[in-house]
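K.L.:
Provided below are the primary sequence and the corresponding predicted coordinates.
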Amino acid sequence: MSSYHMNPDEAVKAFQDLRADYFIPQQWGVFDLTDEPMDAPPRDYREAARKAGLPEERTPLVHHGETWRFPPRR
């Protein structure tokens, strides 16, 4: 699905290139469309963010139905 989607490492690189404040991935684990296990995308995302040295406060993994509030600006 690389024609339509980024892998976690590519997504983290795009986040860094954009110089964004927060990175919240979406559309993972909704449909079983690939050969990879359903828990692979969030696990691979956490690993890609960790390898890039990004703190979890800036790269939260929001689970289905969960609410996440942006921290107050400094």
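P.N.:
Sure, I can see it. Fair warning: this is a prediction, and the values are worked out from it, not measured in the lab. Numbers count the residues shown, from 1 in each chain.
K.L.:
burial measure for residue 59, as a count.
P.N.:
Residue 59 has 19 neighbouring residues, counting by other C-beta atoms under 10 Å. C-beta here means a position set from N, CA and C on the backbone, and glycine is covered the same way.
K.L.:
my bad, residue 62
P.N.:
That count, for residue 62 with other C-beta under 10 Å as the rule, works out to 13.
K.L.:
now it: how far from residue 32?
P.N.:
Counting by C-beta to C-beta, to the nearest Å, the separation of residue 62 from residue 32 is 20 Å.
K.L.:
do residue 72 as well
P.N.:
According to C-beta to C-beta, residue 72 stands 38 Å off from residue 32.
K.L.:
ok, the two, which is more surrounded?
P.N.:
The residue with more neighbours, out of residue 72 and residue 32 and counting by other C-beta under 10 Å, is residue 32; that gives 9 against 5.
K.L.:
surely that one is in contact with residue 41?
P.N.:
No: here residue 32 does not reach residue 41: they are 11.3 Å apart, not a contact under C-beta atoms under 8 Å.
K.L.:
sec struct for the nearest residue to residue 61 once chain neighbours are set aside, please.
P.N.:
Once flanking residues are discounted, residue 61 sits nearest to residue 42: 5.4 Å by C-beta to C-beta, 6 or more residues apart in numbering. Following DSSP: H, G, I helix; E, B strand; the rest coil, we place residue 42 in the helix state.
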